[in-house]
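**Q** got a structure for you, letters missing:
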């Protein structure tokens with residue numbers, strides 16, 4: 001019996017994804033052991049921060065790195081770093097940056113809510129968010145024309161939450177940023193390629209440690225050495241209430257060192273989701289197909305179109321019933337309002353796709 005079930009909490013089948021709201025990832029035994037071992041020992045935390053930064057740099061091919069308690073903390077810390085640098089007096093002023101070079105340019109279609117507001121994370125770090133363009137269309141000139149003497153950085157959000165069309169590319173934003181001697185920050189929280197954006201020339205890249213990396217609740221920032229030193233120094237200021245402890249860093253370091261041994265799961269994802277779709281497609285009112293992730297990642301989900309007129313329940317109602325039991329099944333619900341539910345195979349334990357199809361069929365056929 002798992003820890004949470006022992007405490008009387010509901011058992012969860014996570015078919016939603018590497019979601020913070022469901023605990024992100026279930027870690028490998030080696031990572032769990034590292035968490036345990038670190039919790040029962042002592043270390044100089046500043047030395048551990050620097051060592052973690054070296055491991056992050058090695059894996060990402062960046063100049064240096066900074067561990068964090070999560071990607072959202074990384075946004076605030078990176079913002080503070082480009083504004084205050086390593087100046088302790090300025091670090092202690094964050095988030096009060098009145099009169100400082102504090103404007104952060106973000107495309108309007110990237111000002112999203114990921115469970116919290118991207119703009120708020122930037123403001124916590126002392127940044128003044130400057131939205132450019134429209135929600136469905138941003139021209140390069142919008143970014144160029146927003147740059148002034150108050151601009152501290154340009155920010156790009158690589159996420160399925162962000163608008164996927166009509167936005168300027170990373171290459172275009174890099175061009176503007178570097179011509180104006182500004183850093184480009186990329187929030188790549190859920191991305192799986194930990195080297196891609198550094199190779200492209202990004203100055204700061206932020207990742208979650210608990211999503212694609214499959215580590216504990218944690219995050220990492222990588223980039224230019226001077227900026228990473230500034231990021232780590234924010235733990236003397238705004239970073240203090242969002243610090244990562246020795247256990248989290250030990251788990252993050254272990255996950256990073258194990259990452260190179262991971263292999264693609266695309267074929268297995270397709271096999272499991274094809275099996276689920278074939279079963280659900282036997283029922284009138286359910287149309288199941290396989291779709292690749294909106295942001296282009298190597299993730300293949302089952303997408304279930306629910307016809308309320310035929311099965312008697314809307315997608316929202318079906319979702320609620322699946323989540324309400326003692327065995328609570330959480331599907332991906334981003335498009336539930338238009339009748340679409342999705343199953344993400346990555347967090348599923350062995351055979352859980354069968355349990356999901358069983359429960360859906362039981363509900364729509366009213367079997368008890």
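**A** Looks like it arrived, so ask away. Because the structure is a prediction, the values reported are computed rather than measured.
**Q** Now do the strands for this protein: every range, in order, please.
**A** Shown for the chain, the strands assigned by DSSP state E span residues 11-15, 64-68, 103-107, 128-132, 151-157, 184-187, 204-208, 219-223, 286-292, 300-306, 327-331, 340-343.
**Q** Quick one: mean pLDDT for the last one?
**A** This points to strand 340-343. Mean pLDDT, taken over the full extent of strand 340-343, equals 94.
**Q** re earlier: how about the strands of the chain in a markdown table, adding mean neighbour count and distance to residue 349?
**A** For glycine as for every other residue, the C-beta is placed from the backbone atoms N, C-alpha and C. Compiled in a markdown table, those are given as follows (neighbours: other Cβ atoms under 10 Å; distance: least, Cβ to Cβ, whole Å):
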| stretch | mean neighbour count | distance to residue 349 |
| --- | --- | --- |
| strand 11-15 | 21 | 8 |
| strand 64-68 | 29 | 28 |
| strand 103-107 | 25 | 38 |
| strand 128-132 | 19 | 40 |
| strand 151-157 | 25 | 31 |
| strand 184-187 | 28 | 29 |
| strand 204-208 | 29 | 21 |
| strand 219-223 | 30 | 25 |
| strand 286-292 | 17 | 20 |
| strand 300-306 | 22 | 16 |
| strand 327-331 | 18 | 12 |
| strand 340-343 | 23 | 13 |
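**Q** which stretch in those is the model least sure about?
**A** Set side by side, the strands of the chain differ in mean pLDDT, and strand 11-15 is lowest with a mean of 89.
**Q** May I have the strands that pair with that strand, each with its orientation?
**A** strand 327-331 (parallel) (DSSP bridges).
**Q** what's the angle between the strand it pairs with and strand 300-306?
**A** If you take axes from the mean of the first three to the mean of the last three Cα atoms, to 10 degrees, strand 327-331 sits at 100 degrees to strand 300-306.
**Q** quick one on the thing from earlier: for the strands of the chain, give me JSON lines that also has distance to residue 253.
**A** Conversion of these to JSON lines gives the following (distance: least, Cβ to Cβ, whole Å):
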{"stretch": "strand 11-15", "distance to residue 253": "25"}
{"stretch": "strand 64-68", "distance to residue 253": "8"}
{"stretch": "strand 103-107", "distance to residue 253": "30"}
{"stretch": "strand 128-132", "distance to residue 253": "33"}
{"stretch": "strand 151-157", "distance to residue 253": "27"}
{"stretch": "strand 184-187", "distance to residue 253": "22"}
{"stretch": "strand 204-208", "distance to residue 253": "14"}
{"stretch": "strand 219-223", "distance to residue 253": "10"}
{"stretch": "strand 286-292", "distance to residue 253": "31"}
{"stretch": "strand 300-306", "distance to residue 253": "30"}
{"stretch": "strand 327-331", "distance to residue 253": "30"}
{"stretch": "strand 340-343", "distance to residue 253": "32"}
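**Q** out of those strands, nearest to residue 258?
**A** Each of the strands of the chain was scored for nearness to residue 258 using Cβ to Cβ, and the closest is strand 219-223 (14.2 Å).
**Q** who does that closest one touch, helix- and strand-wise?
**A** For strand 219-223, the packing partners by 3 or more Cβ pairs under 8 Å, 6 or more residues apart in numbering; DSSP states H and E come out as helix 45-60, strand 64-68, helix 71-84, strand 204-208, helix 225-233.
**Q** if we compare the strands of the chain, which one ends up closest to residue 270?
**A** When the strands of the chain are compared for distance to residue 270 using Cβ to Cβ, the nearest one is strand 300-306, at 5.2 Å.
**Q** What pairs with that closest one, parallel or antiparallel?
**A** In the sheet containing strand 300-306, the strands it pairs with under DSSP bridges are strand 286-292 (antiparallel), strand 340-343 (antiparallel).
**Q** Find the least confident helix or strand in this protein, judged by mean pLDDT.
**A** helix 3-6 (a mean of 79; mean pLDDT, DSSP states H and E).
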